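In: give me a 3D structure for the following:
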Amino acid sequence: MKPKAVVLLSGGIDSVTTLYYANQEYDVYVLSFDYGQRHKYELELAKYHAEQVKAKEFFIVKIQNEIFKNSALTDKTIQVPENRSIDNEIPITYVPARNLIFLSFATAFAESRDIMNVFIGANALDYSGYPDCRPEFIESFELTANLGTKAGVSRNVFKVHAPLIDKKKSEIIRLGLELGVDFSYTSSCYQAGEDGKPCLKCDSCQIRLKGFSELGIEDPLVKKYKLY
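Out: A predicted model of the protein is given here:
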C-alpha cells in the first residue's frame, strides 16, 4: 500500500504539478479553498485534476471572504496590478497569512485521518514575493505542526513537502509535462474570466508566460482562448 498525503490544490501550474508529483508515491487526499478569490474558476480545475488522479477524498473548504481584507485577490475595489516590473516587494495581491491558514487546515485534516504528509506547491523563485512561499516559512510550519498536534508531540512525524520551492517556473512546467499534466486545464490569472480566460497582464500571467517562453513552448491557454 502507498502511504497517504494531503495535497493543497488550486488550479494553478504549481499546485497541479505538485499534485501529480505526490500522486506518484502517495494516495492523495485533496483540499482546495474558496476564500472569496476573484479567480474562483480555479476551483473547477482543482476538482478536474483531483478526479484525474483519482484522489481518495476531495474537499473545498469555504472561508468567508470578509476574513481577508486589503488584498486585490479578494476585494474587487482594489485593482490587480498589470504589466508591472515584478520584484520581491510584497504586492497588493498578497492575501494575509493565506498559506499559514491553508496549512493549518491541511494539518487538522491530515491528523484526523492518520496522514503524516502534507504537500504544498509553494515556490520561492518565480513568484510575486509572498512571505508564506519561502523555505524558512515551510520549515517553521513543519516544526509548529509537530509541536502543536497529538501525532507530532507523540511521534514527531509530520512532514510538509514543498517539492517546487527552489524551481524556476520553466522547470516546474517541464516537470509537469513529464508527469502528464495538461496545462490547458490550469488557471494562473489573478483576474480570470468566468470561463478561465486569462488577462495576460497580471503578475501571475506574466510569470506563467515567461516560463513557457523559456521552454520554447506556447502557453496552451493562448491557443485555447485564441489570445493571438
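
In: and the lowest-mean-pLDDT helix or strand in the chain, what does it pack against?
Out: Every helix and strand of the chain was ranked by mean pLDDT, DSSP states H and E. The lowest is helix 150-155, at a mean of 92. Counting contacts by 3 or more C-beta pairs under 8 Å, 6 or more residues apart in numbering; DSSP states H and E, helix 150-155 is packed against helix 135-147. Every residue, glycine included, has its C-beta placed from N, CA and C.

In: ok now the longest helix along the chain, how far from the chain's centre?
Out: With secondary structure taken from DSSP state H, the chain has its longest helix at helix 98-112. Distance, stretch centre to chain centre, for helix 98-112: 14 Å (C-alpha atoms, centre = their mean, to the nearest Å).

In: now it: average pLDDT?
Out: Throughout helix 98-112, pLDDT has a mean value of 97.

In: next, the buried residues of it.
Out: Burial within helix 98-112, assessed by neighbour count using 16 or more other C-beta atoms under 10 Å, is assigned to 98-99, 101-103, 105-107, 109-111.

In: ok so, going back, convert the C-alpha atoms of the least confident helix or strand of the chain to CSV, please.
Out: Coordinates of each C-alpha in helix 150-155 appear next as CSV, following Å, rounded to 0.1, in the frame of the first residue of the first chain:
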residue,chain,number,x,y,z
LYS,A,150,-1.0,14.9,19.3
ALA,A,151,0.7,13.0,16.5
GLY,A,152,3.6,15.4,16.4
VAL,A,153,4.2,15.5,20.1
SER,A,154,4.0,11.7,20.5
ARG,A,155,5.9,10.7,17.3
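
In: after that helix, next one along is what?
Out: strand 159-161 (DSSP states H and E).

In: could you point out the helix or strand that follows that next one?
Out: According to DSSP H and E, the helix or strand after strand 159-161 is helix 169-178.

In: quick one: buried residues of that following helix?
Out: By neighbour count on 16+ other C-beta under 10 Å, the buried set for helix 169-178 is 169-176.

In: next: stretch 118-129.
Out: Buried-residue list, stretch 118-129, by 16+ other C-beta under 10 Å: 118-124, 126-129.

In: give me the subset of these lying in strands.
Out: 118-119 (DSSP state E).

In: closest to Ile138 out of the buried residues of stretch 118-129?
Out: Ala122 (6.2 Å; C-beta to C-beta).

In: need the helices for the protein, in chain order.
Out: According to DSSP H, the helices that the chain contains are 13-23, 42-52, 98-112, 135-147, 150-155, 169-178, 203-214, 220-224.

In: weakest of those by average pLDDT?
Out: Mean pLDDT, when computed for each of those, is lowest for helix 150-155, at a mean of 92.

In: quick one: residues in contact with that helix.
Out: 111, 114, 116, 145-147, 157-158 (C-beta atoms under 8 Å, 6 or more residues apart in numbering).

In: now it, how far from the centre of its chain.
Out: So, by C-alpha atoms, centre = their mean, the centroid of helix 150-155 is 27 Å from its chain's centroid.

In: try stretch 162-172
Out: Distance, centroid of stretch 162-172 to centroid of chain: 12 Å (C-alpha atoms, centre = their mean).

In: check the separation of the first and last residues in that stretch.
Out: End-to-end span of stretch 162-172 (C-alpha to C-alpha, to the nearest Å): 12 Å.
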